[in-house]
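[1] need a structure here:
(one chain, ligands or ions: 2)
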Amino acid sequence: MPSNAEAPPPPTPLRVPVADSHTHLDMQSGTVEEGLAKAASVGVTTVVQVGCDLKGSRWAAQTALDHEAVHATVALHPNEAPRIVHGDPDGWSRQGARQPGGDGALDEALAEIDRLAALSHVKGVGETGLDYFRTGPEGKAAQERSFRAHIEIAKRHGKALVIHDRDAHADVLRVLKEEGAPERTVFHCYSGDAAMAEICARAGYYMSFAGNMTFKNAQPLRDALAVAPLELVLVETDAPFLTPAPYRGRPNAPYLIPVTVRAMAAVRGLDEDALATAISANTARAFDF
Ligand SMILES: [Zn+2]
Ligand SMILES: [Zn+2]
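    Numbers count the residues shown, from 1 in each chain. Ligands and ions are numbered 1, 2, ... in the order given. Here you go, the predicted structure:
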């Protein structure tokens, strides 16, 4: 393994524990127990495990049942919905071609998400939303249909809605408005600018910042963080993706949350304990832990 792919060293522990509001333990190396222990050792005592397809959503629900420190969300990822409808000859999962299943297959998958969303240890529905980066125009209709269905499921079960919004800000905001957003809505890996943060603030949407807010070219994200109401700010890893600087390119995991919390505290001009206290309360409120 090249040295730049080694796991970054554990950061100095946080004094005030926080939750990683969005992670994918099933895509990280090592066991769940190891990942949770490493995270807890630096003050990341809770994680939200996010499902992206049926298998991952079932796994998230079971892992939350097995571990006090894990809460689950369940969904079909915005890039998963078109794959179910149209099939996936060379998609990112690389698990081979899937037969196109049409709208009926999507409905069946959504019914299973609905069943999982009813479980008491499942705290949210997501990640859902729109992704115009990985999915082309031919997948838009399936994606939007799936997004609307997830909003309805979240509202009916009184769960948080976890939004994945990639290059689709205007349409995500439009669909939320048309459907009526659930009481608790979280923009995971917040990627809008300061103007969009004002819109989210007015709507009461939570904004969860990931390691990419530390990147050199991410000034618009830092500008958004600077104007977001403190009570709507969350932190996440989206691990194994988006490892914060200076570890960009190396594997991410929940134990690296303190790196991002410190970068966020600097942007807000807050000491890290004050920010961690706010984030901790916000995450518990957003997901109803
Ligand atoms: Zn996402
Ligand atoms: Zn994610």
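[2] Minimum distance to ligand 1, which residue of the stretch 51-200 of the chain gives it?
    residue 164 (3.6 Å; CB to the ion). Where you see a C-beta, it was placed from the backbone N, CA and C, and this is true even at glycine.
[3] need the contact list for that residue.
    Counting by CB atoms under 8 Å, 6 or more residues apart in numbering, residue 164 makes contact with 77-78, 126-131, 188-189.
[4] Can you tell me who it pairs with across the strands?
    In this structure, residue 164 has beta-bridge partners residue 129, where bridges are defined by DSSP bridges.
[5] Tell me the helices and strands packed up against the helix or strand where residue 197 lies.
    Residue 197 is located in helix 194-203, with elements delineated by DSSP states H and E. The contact analysis (3 or more CB pairs under 8 Å, 6 or more residues apart in numbering; DSSP states H and E) places helix 194-203 against helix 169-179, helix 219-227.
[6] buried set for the shortest one?
    Along helix 219-227, the positions that meet the burial threshold by neighbour count (16 or more other CB atoms under 10 Å) are 220-222, 224-225.
[7] anything in stretch 205-221 near ligand 1?
    No. Counting by CB under 5 Å from the ion, ligand 1 is not contacted by stretch 205-221; separation bottoms out at 9.0 Å.
[8] starting at the chain centroid, how far to that stretch?
    Centroid separation between stretch 205-221 and its chain, computed with CA atoms, centre = their mean, to the nearest Å, is 13 Å.
[9] And stretch 131-148, by the same measure?
    On the basis of CA atoms, centre = their mean, stretch 131-148 is displaced by 18 Å from the centre of the chain it belongs to.
[10] Tell me where the stretch 51-200 of the chain has helices.
    54-66, 80-86, 102-117, 140-157, 169-179, 194-203 (DSSP state H, counting those that start in this stretch).
[11] picking up where we left off before, now for the buried residues of helix 219-227, which pair is the farthest apart?
    The two members of the buried residues of helix 219-227 with the most space between them (CB to CB) are 220 and 225, at 9.8 Å.
[12] How about the residues of the stretch 1-150 of the chain by ligand 1?
    Those residues of the stretch 1-150 of the chain that sit near ligand 1, judged by CB under 5 Å from the ion, are residue 127.
[13] for the stretch 1-150 of the chain, which spans come out with low pLDDT?
    For the stretch 1-150 of the chain, applying pLDDT under 70 flags the ranges 1-4, 88-99.
[14] who's in contact with stretch 188-206?
    Applying CB under 8 Å, 6+ apart, the set of residues contacting stretch 188-206 from outside is 21-22, 50, 126-127, 162-166, 169, 173, 176, 181, 184-187, 207-210, 212, 220-221, 223-229, 232-234, 236, 238, 242, 282, 286.
[15] could you flag which of those are buried?
    Under a neighbour-count criterion of 16+ other CB under 10 Å, the subset of the contacts of stretch 188-206 counted as buried comprises 21-22, 50, 126-127, 162-166, 169, 173, 176, 181, 184-187, 207-210, 212, 220-221, 224-225, 228, 232-234, 236, 238, 242, 282, 286.
[16] I'd like a version of the contacts of residue 164 in JSON lines, one that adds distance to residue 251 as further columns.
    Supplementary listing: the contacts of residue 164 in JSON lines, determined by distance: CB to CB, whole Å:
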{"residue": "77", "distance to residue 251": "20"}
{"residue": "78", "distance to residue 251": "24"}
{"residue": "126", "distance to residue 251": "23"}
{"residue": "127", "distance to residue 251": "20"}
{"residue": "128", "distance to residue 251": "26"}
{"residue": "129", "distance to residue 251": "25"}
{"residue": "130", "distance to residue 251": "27"}
{"residue": "131", "distance to residue 251": "23"}
{"residue": "188", "distance to residue 251": "19"}
{"residue": "189", "distance to residue 251": "17"}
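[17] Let's see the PyMOL selection covering just the buried ones among those residues.
    Command for PyMOL, covering only those of the contacts of residue 164 found buried under the criterion 16+ other CB under 10 Å:
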select buried, resi 77+78+126+127+128+129+130+131+188+189
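[18] Thanks a lot, see you next time.
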